[in-house]
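In: based on what follows, work out the 3D shape:
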Amino acid sequence: MELRDRIIQEASILFFSKGIKSMTMSDIANELGISKRTLYEVFRDKEELLDNCVTTHLEKANTEMEAIATNSENVIDSLMRIYAKHLREVQNVSKTVIHDLKKYHKPIYEKIECRQKEGMGFFAPLFKRGIEQGLIREDANIEIMLWLLKSQFKALMDDEYIPTDKYSTDEFIRVIILNFIRGMATPAGNEKVDSIVETLNNNR
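Out: As a prediction, this is how the structure comes out:
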């Protein structure tokens, strides 16, 4: 692995798990076992490094979603796997990350917002395919579903909205996934949901 890629990979873990403001370039260099001078030879400052970490993360997430959609048996399976993957990743992200991005790195935060908005376009054809397959209701409003999907993803990153002191992230994941997908699914689609849930419960 090239040094640049290694720095991005390991700095991403540090930023997302420990927060952005708390991590200095010196901290990152020490964690990687390289000199601060070497780090600055690759990235001119923390802002450039963070920007590369975020961009790489977003691109990887999009690639993984496309792979899941391609390799899933049906649209319901795709939605449940994508939804579960995204929501579980929230558990590995420090709650201070969003706050730090909004307050100290607004251009990068705005880039994330823009990329997420564009990314929602990935789900529109998925929902339409589900309607064609008879697994998603024909009367489902795709635009509203996309808005709800984005809102739920954002809410899970904000402690002000999610009472994580009372309920675990896993509990939220289960309720959100099942209620959201069951609400848009046809009877045939809900049979697929039941089958997937039963398989998951048997594999615990």
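In: look up phi and psi at residue 32.
Out: Main-chain torsions, residue 32, degrees, to the nearest 10: phi -80, psi -10.
In: apologies, that question was intended for residue 44.
Out: The phi/psi pair for residue 44 (degrees, to the nearest 10) is phi -70, psi -30.
In: that one - how many residues pack around it?
Out: 9 (other CB atoms under 10 Å). Every C-beta, even on glycine, is put in place using the N, C-alpha and C of the backbone.
In: with residue 126 instead?
Out: 17.
In: repeat that for residue 92.
Out: 9.
In: same deal with residue 78?
Out: 20.
In: ok, it touching residue 127?
Out: No. Counting by CB atoms under 8 Å, residue 78 does not reach residue 127; the two are 10.3 Å apart.
In: list the buried ones in stretch 127-142?
Out: 127, 130-131, 135-136, 140, 142 (16 or more other CB atoms under 10 Å).
In: tell me the two of the residues you listed that are most distant?
Out: 135 and 142 (13.9 Å; CB to CB).
In: residues in contact with residue 70?
Out: Listed by CB atoms under 8 Å, 6 or more residues apart in numbering, residue 70 has no contact partners.
In: host element of it?
Out: For residue 70, the host element (DSSP states H and E) is helix 46-71.
In: what average pLDDT does that helix get?
Out: In this model, helix 46-71 carries a mean pLDDT of 93.
In: what's the angle between the next helix or strand along the chain from it and helix 46-71?
Out: Counting by DSSP H and E, the next helix or strand C-terminal to helix 46-71 is helix 75-89. Comparing the axes of helix 75-89 and helix 46-71 via axes from the mean of the first three to the mean of the last three CA atoms, to 10 degrees yields an angle of 150 degrees.
In: got the contact list for helix 75-89?
Out: With CB under 8 Å, 6+ apart as the criterion, helix 75-89 contacts 61, 64-65, 68-69, 72, 126-127, 129-130, 133, 135-136, 153, 156, 169, 172-173, 176-177, 180-181, 185, 189, 192-193, 196.
In: show me the residues you listed that map onto helices.
Out: Those of the contacts of helix 75-89 mapping onto helices are 61, 64-65, 68-69, 126-127, 129-130, 153, 169, 172-173, 176-177, 180-181, 189, 192-193, 196, per DSSP state H.
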